[in-house]
Structures are given as C-alpha cells and as structure tokens.
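Next one to model:
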Amino acid sequence: MWWPVWWRTSALRRVWARTILVNGPPWNARVAIRAHDFIAVDAGDDYNNRVVAFLEIRWGRLIRWEDYEDTERLAAWDERRADTTTT
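Numbering: from 1, shown residues only. Coordinates of the predicted model:
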C-alpha cells in the first residue's frame, strides 16, 4: 500500500508546481496542477515522480480533488529502501 509510505516520507518530500491552469468563474472554477514530486536521500536512491491534480472550487471552497501519481513507482522506491536498510 502506497499511502503509509507517502506519509512516512512527507518530511523529506519536496513538491514543485510546474504548471497551474485555472478556468471558469469563481462560482465554478476548475484548476489543474502539474507538479514534480522529489525525495533526496543520502544513499543516492532519490525518488522522482510527476503528479497531476485536478481541483473543483466553488466560491473559494474546495469541492473535489483528484490526484494522479505513479503509485507503483513510490511502492518500488520504498521496497528498495527497505531492502537497503535491513541488510
């Protein structure tokens, strides 16, 4: 499961928004964010991923948030890290 990995690494995680697109009026705004997700570690096995998030906002209230991230890449990175820390 990838979600506990994401939480456990949140202190090391850096996310840079590369592109932000906004469309629609304040009562029905849609936002798309393309970002780079990165974790640098001492062992040199850095984690790199791209993330896309789609948001729906109405009058400043977040109504819906969808994330698209390669969760298999995160799980594989965590598995490699677990192998190197246990040996």
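
Can you list the residue ranges for strands in the chain?
13-23, 29-39, 47-58, 61-69 (DSSP state E).

who does V52 bridge with?
Beta-bridge partners for V52, by DSSP bridges, are R34, Y68.

what about it, distance to W65?
V52 sits 12 Å away from W65, going by C-beta to C-beta, to the nearest Å. For the C-beta atoms, the positions are set from N, CA and C on the backbone; glycine is no exception.

for R18, same thing?
Taking C-beta to C-beta, one finds R18 at 18 Å from W65.

next one: I39
22 Å.

between those two, which one's more packed in?
I39 (19 against 12; other C-beta atoms under 10 Å).

Is that one in contact with Y47, as I believe?
Yes. Using C-beta atoms under 8 Å, I39 is in contact with Y47, at 4.0 Å.

mind checking how far the longest helix seen in the chain is from the chain centre?
Across the chain, the longest stretch assigned as helix under DSSP state H is helix 71-86. In this view, helix 71-86 has its centroid 16 Å away from the chain centroid, taken as C-alpha atoms, centre = their mean, to the nearest Å.

Packing partners of that helix?
Packing partners of helix 71-86 (3 or more C-beta pairs under 8 Å, 6 or more residues apart in numbering; DSSP states H and E): helix 3-8, strand 47-58.
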